[in-house]
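Chemist: using only what follows, build the 3D model:
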Amino acid sequence: MVVPPAMRVLLATLVLITGLAGCAGADPDNLRPWEKKGQSSDNATRSKDYGAKLEEGKPYVVVKGDTLYSIAFRLGIDFRELAARNGIQSPYIIKVGQTLRTAKPAVKSVKVTPKPVVKAPKVAVKTAPSSQKTKKTAGKQSKVTSVTKSSSKSQASSDNVNTSQSVSRWRWPSAGKVVRTYSSNRHKGIDIAGKRGDPVKAVAAGKVVYAGTGVTGYGSLLIIKHNDTYLSAYGHNERLLVSENMNIQAGQQIATMGSSGTDTVKLHFELRRRGQPIDPLTLLPRRR
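Modeler: Coordinates of the predicted model:
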């Protein structure tokens, strides 16, 4: 059977279109760790948002495993702000069943009344005291000045003791490759690939303020307070090697990498500055 030239061109065009359509999808062997077969990258990204953020303004009832830090972490506010809203003092202890106020305090308008101008009364000028009285007064004044200086020194020393130490050097929490970066709208940290059981290390010295599985989306999670400004968070761990209230050193192994709360082995790492997520890559040292 002889196929007309016009028909041959039409068949060739159909074959070409079919081939292009088959190549349009993502190569299943090259999918990124957070992508699933048959799912677009955008949809996968949306399905992997971290942490069911608590609604600020709605009262929260403390459940077993909560700490003030983990609740503030979920609200996305500084832990001291949450403590202040509830009149909680350091060391920020909360109890199961306790209702916490999460709403911002109402701003009260203060009416300022101008003070009346008061004229100073005239003071009569007295004659100068005798030389003997002047010497006694000078001696007393000298003693008062000495006490004042001593008091200032004592206050400065006290302030130095209570001042939190800044972090001079940050370390990487894992040796793996970054497979997902920070996004202010979608992804509050970075994901680092690795093998099950790989060591997870503290990025700086600090104190463990949360260790558990009560924060949705993070699996087995650790939160470390480094000072009054910074917190770090480590999610999806296989095994936690430290517990709450433990002091840890920079570079100390705190967990092993796993896949708790997710479908692949990885570490989800976050840095919070005064309660707000920031891009960890802006503080972590640059890799060669």
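Chemist: not counting residues beside it along the chain, what's closest to Leu222?
Modeler: Tyr234 (4.6 Å; Cβ to Cβ, 6 or more residues apart in numbering). The C-beta positions use only the backbone N, C-alpha and C, and glycine is treated the same way.
Chemist: state the mean pLDDT of the helix or strand hosting that neighbour.
Modeler: Using DSSP states H and E, Tyr234 falls within strand 230-235. Strand 230-235 shows an average pLDDT of 96 in the prediction.
Chemist: who touches it?
Modeler: The contact list for strand 230-235 (Cβ atoms under 8 Å, 6 or more residues apart in numbering) reads 50, 69, 73, 79, 167, 173, 189, 200, 202-204, 206, 209, 217-226, 254-255, 261, 267-273, 275.
Chemist: do stretch 64-84 as well
Modeler: 51-54, 56, 60, 62, 88-90, 92-94, 96, 100, 102, 209-210, 212-215, 223, 225, 228, 231, 233, 244, 272, 274-277.
Chemist: got the end-to-end distance for that stretch?
Modeler: 22 Å (Cα to Cα, to the nearest Å).
Chemist: report the buried residues of that stretch.
Modeler: Neighbour-count burial for stretch 64-84, counted by 16 or more other Cβ atoms under 10 Å, picks out 66-75, 77-80, 82-83.
Chemist: in strands only, show me those residues.
Modeler: With DSSP state E as the criterion, strands contain none of these.
Chemist: okay, and which of those map to helices?
Modeler: Counting by DSSP state H, the members of the buried residues of stretch 64-84 that fall within helices are Leu68, Tyr69, Ser70, Ile71, Ala72, Phe73, Arg74, Leu75, Phe79, Arg80, Leu82, Ala83.
Chemist: just give me the closest of these to Val178.
Modeler: When these are compared for distance to Val178 (Cβ to Cβ), Phe73 wins out at 21.9 Å.
Chemist: report pLDDT for the closest one.
Modeler: On the pLDDT scale, Phe73 gets 88.
Chemist: do the same with Arg85
Modeler: Value for Arg85, per-residue pLDDT: 91.
Chemist: need the contact list for the nearest residue to it once chain neighbours are set aside.
Modeler: Nearest non-adjacent residue to Arg85, counting by Cβ to Cβ, 6+ apart: Arg101, 5.1 Å away. Shown in contact with Arg101 (Cβ under 8 Å, 6+ apart): Pro59, Arg85, Asn86.
Chemist: follow-up on the earlier one: nearest to Leu284 among the ones in helices among the buried residues of stretch 64-84?
Modeler: Nearest to Leu284 among these, counting by Cβ to Cβ, is Phe73 at 19.7 Å.
Chemist: what segments of the stretch 51-200 of the chain are helices?
Modeler: 68-75, 79-85, 131-162 (DSSP state H, counting those that start in this stretch).
Chemist: for the longest one, the averaged confidence score.
Modeler: Translated: helix 131-162. 38.
Chemist: what about Lys201, neighbour count?
Modeler: The tally of other residues near Lys201 (other Cβ atoms under 10 Å) stands at 18.
Chemist: for the one 3 residues further on, same thing?
Modeler: Counted with other Cβ under 10 Å, the neighbours of Ala204 add up to 22.
Chemist: thought it was touching Trp172?
Modeler: No - using Cβ atoms under 8 Å, Ala204 makes no contact with Trp172, being 11.2 Å away.
Chemist: can you spell out the domain ranges of the protein, please?
Modeler: Following automatic domain parsing, the chain resolves into domains at 60-100, 178-282.
Chemist: rank the ones you listed by pLDDT, which is bottom?
Modeler: Taking the mean pLDDT of the domains of the chain, domain 60-100 comes last: a mean of 90.
Chemist: for the nearest residue to Tyr69 once chain neighbours are set aside, which residues are in contact?
Modeler: Among residues not flanking Tyr69 along the chain, Val209 sits closest, at 4.0 Å (Cβ to Cβ, 6+ apart). Val209 makes contact with Thr67, Tyr69, Ser70, Phe79, Ile223, Ile224, Lys225, Leu231, Glu244, Asn245, according to Cβ under 8 Å, 6+ apart.
Chemist: list the strands paired with the strand holding Tyr234, with their directions.
Modeler: strand 221-225 (antiparallel), strand 266-273 (antiparallel) (DSSP bridges).
Chemist: now it against helix 68-75, angle please.
Modeler: 80 degrees (axes from the mean of the first three to the mean of the last three Cα atoms, to 10 degrees).
Chemist: and the next helix or strand past strand 230-235?
Modeler: Under the assignment DSSP H and E, the closest C-terminal helix or strand after strand 230-235 is strand 237-240.
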